[in-house]
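Trainee: All I have is the shape, not the residue letters:
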């Protein structure tokens, strides 16, 4: 029978599809095989060898078949259901042990039911399904000090949304099922009720770092009160006097902007603080000050600051309420209005402090076209290139916050600045150590640096 | 009186500053509810403050018209525009369209405000070109570095550039992901520390100049 089938499959030696040589003197492949099959012991041995080789080299391909035939599908083990810690009471977490058959071919289902009595777990609602080689505790956002299980365990956090509504204080039954093709094996359900928590322990690293940084700032202020601390030059702030002086010489006003954000933004507060120093100098030089605003509350605060600056300069009679004025909250309407002021009044000095968006270049390029000295200070990193390109001086990022200390030289302000520098030195040190550890880990194929790197990642 | 002007606001700042710093660490719904309520208060105060802003606007431009200052015509246009829009807004009940028909208020918004805003935004393209021309003139070593980096990034970001210089794509990505990203992160770390330090100063009353009224 095999002889026949071999001939049938590979064709007769007289087949027209083969070259003439086969028919006239050489055997066709079918003929060669037929000859081999005439020795049953030999071909049996060959077949056995072939099967052995195939079973070894192709084993990954048939992994799914192996799971079906060799490992019986068991329900997930050590299933634990509990209220997610450190949350607002709108989620539950289920944890279970990894299984030997965990692979992309096998899937896990998370099942949910309200209440404690579940007659048949198979009737529970499937709320999540994913491959069995995913959702490990080590992949979760829990830092090591709040992890409820070891990193190799599976976890799934069930939250309200997408057809699921978890009510705080209500008891739910949750379980996990292993699924392979049509087969499903379900673990015994566990019960838990979501409860709100008063402390988010996951963010304790943040609190700790904030307290540490606060302590450093207070320490630095104490040091600054005892001895003088060196401040490096900030050309942009040195140029403030120059700009105001130039405006005085030319008899033209100074234009000062506090940015796009409201008073709840630190950059606006920093801009308002610098306005006080600029207004004081402007009052001393008897130069007009124009402060157009996008936000009424900022305007009211800046009016008070300007008034106080004129008082401190001994020129209260020169103060005008109208020096701070509201234009509009609309981005481009404000820009058009300020551009108009620049072109009509031609201020000799323009100050752009605070946070800016797309209007930054429209304002500064117009100001540059009028020939004004322009000083910018912003924490909006996406607008920095435009300011650097079009302004004479730019306070980059933290320099905006340092300006107050630089201009006043008060120990409290200077001490805060020193505190910031110590904080930066600490961060830089950790970055350096992390880089060295990561490099060592790769160079020597070592695992121990990962422990430190994970620690840094969680604490950051 | 001094208490109301100085100590009172500082006390309110200290208490609210500490409470809302702590709120970040409290996930309880009561804490979230408190934040939502205070955010609403802020919006209400903002609404009242708008009256302050609009009255300032009216006052400044009325003075300009009265004194016939240079460019007082623009102030007149502002008055006409603002009063006209407010009147039409009331007339249209604040709606841009009623039963699918555009109101006069909607017409002003769609056919005057939006095109004017679009025009302002469109000018940005020309301003970028002029600013780029100014900064790319290789007058110094720094400007030359900027010019070279900008040319590589520009070539790497457009299909034609990458077709002409195949390496420009990878080089551009490296400049953006390594050089640019590291500097941006350094700036952001500095900004974040500056923000936290300023917040500490404000909460504990060490920075008071934003209140006005001196140091007493």
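Mentor: On my side now, so go ahead. Quick caveat, the model's predicted, so the values are computed rather than measured.
Trainee: is it true that residue A:395 lies in a helix?
Mentor: No. Secondary structure assignment places residue A:395 outside any helix; it is strand (DSSP: H, G, I helix; E, B strand; the rest coil).
Trainee: quick one, what contacts it?
Mentor: Under the criterion of CB atoms under 8 Å, 6 or more residues apart in numbering or on different chains, the contact list for residue A:395 reads A:234, A:236, A:237, A:353, A:375, A:376, A:377, A:378, A:402, A:403. Just so you know, the C-beta spots here come from the backbone N, C-alpha and C atoms, and that holds for glycine as well.
Trainee: Which single one of the residues you listed is nearest to chain B?
Mentor: residue A:402 (7.1 Å; CB to the nearest CB).
Trainee: host element of the residue nearest to the closest one when sequence neighbours are not counted?
Mentor: Computed as CB to CB, 6 or more residues apart in numbering or on different chains, the closest residue to residue A:402 that is not its neighbour in sequence is residue A:417, at 5.4 Å. Assignment of secondary structure by DSSP states H and E places residue A:417 within helix A:411-443.
Trainee: quick revisit: any chance of the contacts of residue A:395 in JSON lines, with neighbour count and distance to residue A:130 too?
Mentor: Conversion of the contacts of residue A:395 to JSON lines gives the following (neighbours: other CB atoms under 10 Å in any protein chain shown; distance: CB to CB, whole Å):
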{"residue": "A:234", "neighbour count": "19", "distance to residue A:130": "54"}
{"residue": "A:236", "neighbour count": "21", "distance to residue A:130": "54"}
{"residue": "A:237", "neighbour count": "22", "distance to residue A:130": "56"}
{"residue": "A:353", "neighbour count": "25", "distance to residue A:130": "50"}
{"residue": "A:375", "neighbour count": "27", "distance to residue A:130": "55"}
{"residue": "A:376", "neighbour count": "29", "distance to residue A:130": "50"}
{"residue": "A:377", "neighbour count": "28", "distance to residue A:130": "49"}
{"residue": "A:378", "neighbour count": "28", "distance to residue A:130": "44"}
{"residue": "A:402", "neighbour count": "26", "distance to residue A:130": "49"}
{"residue": "A:403", "neighbour count": "25", "distance to residue A:130": "52"}
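Trainee: Report the contact partners of residue B:211.
Mentor: Residue B:211 makes contact with A:304, B:6, B:9, B:10, according to CB under 8 Å, 6+ apart.
Trainee: tally of neighbours for the first one?
Mentor: Think residue A:304. 18 (other CB atoms under 10 Å in any protein chain shown).
Trainee: Could you check which helix or strand contains it?
Mentor: helix A:296-312.
Trainee: helix or strand right after that helix?
Mentor: Reading on from helix A:296-312 to the C-terminus, the next helix or strand found by DSSP H and E is strand A:324-326.
Trainee: Next, report how far that next one is displaced from the centre of its chain.
Mentor: The gap between the average C-alpha position of strand A:324-326 and the chain average comes to 38 Å, counting by CA atoms, centre = their mean, to the nearest Å.
Trainee: just stretch B:66-79 next, same as before
Mentor: Between the mean C-alpha location of stretch B:66-79 and the chain-wide mean there is a distance of 27 Å, by CA atoms, centre = their mean.
Trainee: for stretch A:364-377, same thing?
Mentor: The gap between the average C-alpha position of stretch A:364-377 and the chain average comes to 35 Å, counting by CA atoms, centre = their mean.
Trainee: Give me the buried positions along that stretch.
Mentor: For stretch A:364-377, burial by neighbour count (16 or more other CB atoms under 10 Å in any protein chain shown) applies to A:364, A:365, A:366, A:367, A:368, A:370, A:372, A:373, A:374, A:375, A:376, A:377.
Trainee: confidence score at residue 125?
Mentor: No chain specified, so I'll use chain A. Per-residue pLDDT puts residue A:125 at 93.
Trainee: um, chain B though
Mentor: Per-residue confidence (pLDDT) for residue B:125: 92.
Trainee: from what I can see, it looks like it's in a strand, true?
Mentor: No. Secondary structure of residue B:125, determined by three-state DSSP: helix, with no strand assignment.
Trainee: what's around it, how many residues?
Mentor: Counted with other CB under 10 Å, the neighbours of residue B:125 add up to 8.
Trainee: Likewise for the one 10 residues further on?
Mentor: The burial count assigned to residue B:135 is 19, neighbours taken as other CB under 10 Å.
Trainee: So, low pLDDT: which residues of chain A?
Mentor: A:1-71 (pLDDT under 70).
Trainee: Let me see the contact set for residue 157.
Mentor: No chain in the question, so chain A it is. Applying CB under 8 Å, 6+ apart to residue A:157 gives the contacts A:84, A:91, A:92, A:93, A:140.
Trainee: hm, I was asking about chain B
Mentor: By CB under 8 Å, 6+ apart, the contact set of residue B:157 is residue B:172.
Trainee: pLDDT wise, what is it at?
Mentor: The predicted local distance difference test score for residue B:157 is 90.
Trainee: got the buried residues for stretch A:89-106?
Mentor: A:89-96, A:98-99, A:101-102, A:105-106.
Trainee: Including secondary structure, could those residues go into JSON lines?
Mentor: Below are the buried residues of stretch A:89-106 laid out as JSON lines (three-state DSSP):
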{"residue": "A:89", "secondary structure": "coil"}
{"residue": "A:90", "secondary structure": "coil"}
{"residue": "A:91", "secondary structure": "strand"}
{"residue": "A:92", "secondary structure": "strand"}
{"residue": "A:93", "secondary structure": "strand"}
{"residue": "A:94", "secondary structure": "strand"}
{"residue": "A:95", "secondary structure": "strand"}
{"residue": "A:96", "secondary structure": "strand"}
{"residue": "A:98", "secondary structure": "coil"}
{"residue": "A:99", "secondary structure": "coil"}
{"residue": "A:101", "secondary structure": "coil"}
{"residue": "A:102", "secondary structure": "coil"}
{"residue": "A:105", "secondary structure": "coil"}
{"residue": "A:106", "secondary structure": "coil"}
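Trainee: Need the phi and psi values for residue A:169.
Mentor: In terms of degrees, to the nearest 10, the main-chain angles of residue A:169 are phi 90, psi -10.
Trainee: Skipping its backbone neighbours, what lies nearest it in space?
Mentor: Leaving out its chain neighbours, the residue that sits closest to residue A:169 by CB to CB, 6+ apart is residue A:193, at 5.8 Å.
Trainee: what does residue A:219 give?
Mentor: Ranked by CB to CB, 6+ apart and with sequence neighbours excluded, the top spatial neighbour of residue A:219 is residue A:419, at 7.3 Å.
Trainee: re the thing from before, can the helix holding residue A:304 be said to contact chain B?
Mentor: Yes. For a cut-off given as CB under 8 Å from any CB of the partner chain, helix A:296-312 has contacts with chain B, namely A:296, A:297, A:299, A:300, A:301, A:303, A:304, A:305, A:307, A:308, A:311, A:312.
Trainee: ok, the residues you listed vs residue A:322, which is closest?
Mentor: Distance from residue A:322 was checked for each of those by CB to CB. The minimum falls on residue A:303, at 9.5 Å.
Trainee: Tell me where chain A has strands.
Mentor: With DSSP state E as the definition, chain A shows strands at residue ranges A:80-83, A:91-96, A:107-114, A:125-131, A:154-159, A:172-180, A:183-186, A:190-192, A:254-257, A:289-293, A:324-326, A:349-353, A:373-378, A:393-396.
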